[in-house]
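Colleague: could you look at this predicted model? Sequence included:
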Amino acid sequence: MNFLRNHQGYKSLESAAQPQFNPMIQLNLLLFSFLGVFLLRSAAQVLLDRLNIAHLRKHGGSIPEVFQGTVDQEKLQKISAYTVDSARFGILTTLTDQALLLVLLLSGVLPWIQSLANPFGLGVVTGGLLFFALLSLPGFILDIPFSLYGNFVIEARHGFNTKTLRVWVVDLLKGLLLSALLGAPLLALLLFLIQSGGPLWWLWAWALVGLFELLILWLYPVLLAPLFNKFEPLANQDLVRKIADLLGKADLKAKGVFQMDASRRSRHTNAYFTGLGKSKRIVLYDTLLTSHTEEEILAVLAHEAGHWKKWHVPKQVIILEALSLLGFYGVAKILDVPLIYQTFGFSQPVAYVGLFLVTTLFSPLLYFAEPLGAVFSRRFEREADDYTLLLTRDPAPMVKALKRLASDNLSNLTPHPLYAWFYYSHPPLLERIRRLQESLPGPGSTEFLSNPAGAFSAAEHRKRADGISPPGGNPPNPNH
Ligand SMILES: [Zn+2]
């Protein structure tokens, strides 16, 4: 390969401060252990997906008792087709991304990329920024056809996509600009701390990243999300009054409720709670407002108020920050281990290369910790459902809302239990409905228990704590 010769030529010109390049990867225990875990993750992902689809084929043909009257055979077929399509496309996207990463790691191309990023012996900060920018370029380019296909073929085929090509392009550019504006300064500070922060750099870096995340969480609803969507007070004054009554019971302010023009991208329906401090708000998709009855909207709102009232966002932040502290400590402990650099063709430790290698080497392991997050998330969802009952004293509207969400979003009604345990941020629909019906047989629930019908969607509100990714490319499977 060309770059091997380039490196040998380059070596003689290097100053003593520059790392020596040896663009040969080493086949050692570290590499094999990494590959073992990496491939185990891929196998687990494929296996779980296949398990879920096989379960759907076996049980997805008959309407669950509780959904009879809401979902018919035709709808059931649509649900199956959408679930299978999304799962196939999802696994193809994942495996392609993983293959690209393996090529980057195993081809010995990394030292060459580093030499491209740092031709004049730029400092750790500038060199690091360029290195990460170059590394993210192939993934960014590869993601374009996948995003186009996901939106304009998969989502369109099942009647969800309303996005024009223009909206897609503008989303892509805005997302790119935001990553650069927010990500680059953070990365620069992080690299500066690794280089000059002393032995406790990981502690300062953890605090810095934690503060940055709080800032984003605070700014997201008021500054970042409005870059992609229009948020306005609800138009229906009658509904506004009812919402004020309902939220009054929870001691919450109704001015924190907004409707969002989700319909300019997709017909999926959803609602979410987000923000910190004064930026806290409940957001209802316009698609949800048009497809649900008033009492169903109020039930969804009560559920979101539950997330608000039970401090789910701050609790989530505390859990994540505790884990992040462990992560930073771990990275600091192994960042100087020469074997990590030698394995991938670097003869000397360089801070930004180390940051990339250590986080990359450990990311497959994190996959196996995902169920832990899902368990916490489902616990919060159950608490929010309980709070709905506390506020409305009647499970019927919430159950109806869940059924409609499931039907509108073509949610899989019969996920494999292991798949749901591993990935689902919300308890499976049937479980949620059963729980609502059993926990408070209050007035109004009798009719509903004797005439059970319905469903729910796991897509309902994925954003208790939102990231900064543009709300554009809906992941085809909302349960991930
Ligand atoms: Zn929720």
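Modeller: Looks like it arrived, so ask away.

Colleague: name the helix or strand for residue 366, please.
Modeller: helix 351-367 (DSSP states H and E).

Colleague: just how off-centre is that helix within its chain?
Modeller: Distance of helix 351-367 from the chain centroid (Cα atoms, centre = their mean, to the nearest Å) equals 19 Å.

Colleague: find the nearest non-adjacent residue to residue 335, please.
Modeller: Excluding the flanking residues, the one nearest residue 335 by Cβ to Cβ, 6 or more residues apart in numbering is residue 354, at 4.5 Å. Bear in mind the C-beta positions are built from the backbone N, C-alpha and C, glycine included.

Colleague: likewise for residue 293?
Modeller: Residue 293 sits nearest to residue 400 (Cβ to Cβ, 6+ apart), 7.5 Å away.

Colleague: burial of that neighbour, as a residue count?
Modeller: Residue 400 is flanked by 21 other residues according to other Cβ atoms under 10 Å.

Colleague: wasn't it part of a strand?
Modeller: No - going by DSSP: H, G, I helix; E, B strand; the rest coil, the assignment for residue 400 is helix, not a strand.

Colleague: and the closest residue to the ion within the stretch 151-300 of the chain, what are its phi and psi?
Modeller: The minimum distance from the stretch 151-300 of the chain to the ion, using Cβ to the ion, falls at residue 273 (7.3 Å). For residue 273, the backbone dihedrals (degrees, to the nearest 10) come out as phi -120, psi 130.

Colleague: quick one: the strands in the stretch 151-300 of the chain, in order.
Modeller: 231-232, 257-260, 271-274, 281-285 (DSSP state E, counting those that start in this stretch).

Colleague: top helix in the protein by residue count?
Modeller: Longest helix in the chain by number of residues (criterion: DSSP state H): helix 73-106.

Colleague: list the buried ones in that one?
Modeller: 75-76, 78-80, 82-87, 89-91, 93-94, 98, 101, 104-105 (16 or more other Cβ atoms under 10 Å).

Colleague: quick one: that helix to chain centroid distance?
Modeller: That offset, for helix 73-106, works out to 15 Å (Cα atoms, centre = their mean).

Colleague: so which residues of the stretch 101-250 of the chain form helices?
Modeller: 110-117, 124-149, 156-157, 165-178, 184-196, 201-219, 237-249 (DSSP state H, counting those that start in this stretch).

Colleague: now the shortest one: mean pLDDT?
Modeller: What that stands for is helix 156-157. For helix 156-157, the mean per-residue pLDDT is 97.

Colleague: number of nearby residues for residue 34?
Modeller: Residue 34 has 19 neighbouring residues, counting by other Cβ under 10 Å.

Colleague: that one and residue 210: what is the separation?
Modeller: 28 Å (Cβ to Cβ, to the nearest Å).

Colleague: cool, and residue 402?
Modeller: 35 Å.

Colleague: quick revisit: can I get the strands of the stretch 151-300 of the chain in JSON lines with mean neighbour count?
Modeller: Compiled in JSON lines, the strands of the stretch 151-300 of the chain are given as follows (neighbours: other Cβ atoms under 10 Å):
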{"stretch": "strand 231-232", "mean neighbour count": "12"}
{"stretch": "strand 257-260", "mean neighbour count": "22"}
{"stretch": "strand 271-274", "mean neighbour count": "23"}
{"stretch": "strand 281-285", "mean neighbour count": "24"}
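
Colleague: figure out which of the ones you listed is closest to residue 331.
Modeller: strand 271-274 (28.6 Å; Cβ to Cβ).

Colleague: quick one: low-confidence parts of the stretch 1-150 of the chain?
Modeller: Residue ranges of the stretch 1-150 of the chain with pLDDT under 70: 1-23.

Colleague: 80 - rerun?
Modeller: For the stretch 1-150 of the chain, applying pLDDT under 80 flags the ranges 1-23, 119-121.

Colleague: which phi and psi does the closest residue to the ion within the stretch 51-200 of the chain have?
Modeller: Of all residues in the stretch 51-200 of the chain, residue 66 sits closest to the ion, at 19.7 Å by Cβ to the ion. In terms of degrees, to the nearest 10, the main-chain angles of residue 66 are phi -70, psi -20.

Colleague: does it touch residue 435 like I think?
Modeller: No - look at residue 66 against residue 435 with Cβ atoms under 8 Å: they stay out of range, at 11.7 Å.

Colleague: which ones are touching residue 286?
Modeller: By Cβ atoms under 8 Å, 6 or more residues apart in numbering, the contact list for residue 286 reads 259, 260, 261, 262, 263.

Colleague: just give me the neighbour total for the fourth one.
Modeller: The criterion is other Cβ under 10 Å. On that basis, residue 262 has 24 neighbouring residues.

Colleague: indicate whether stretch 371-380 makes contact with the ion.
Modeller: No - Stretch 371-380 does not reach the ion (Cβ under 5 Å from the ion); its nearest approach is 7.0 Å.

Colleague: and that stretch, C-alpha only, in CSV?
Modeller: Taking Å, rounded to 0.1, in the frame of the first residue of the first chain, the C-alpha atoms of stretch 371-380 are listed here in CSV:
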residue,chain,number,x,y,z
PRO,A,371,-30.0,-3.8,29.3
LEU,A,372,-29.1,-2.1,32.5
GLY,A,373,-30.1,1.3,31.1
ALA,A,374,-33.3,-0.3,29.6
VAL,A,375,-34.2,-1.7,33.0
PHE,A,376,-33.9,1.7,34.6
SER,A,377,-35.8,3.3,31.7
ARG,A,378,-38.7,0.9,32.0
ARG,A,379,-38.9,1.5,35.7
PHE,A,380,-39.3,5.2,35.1
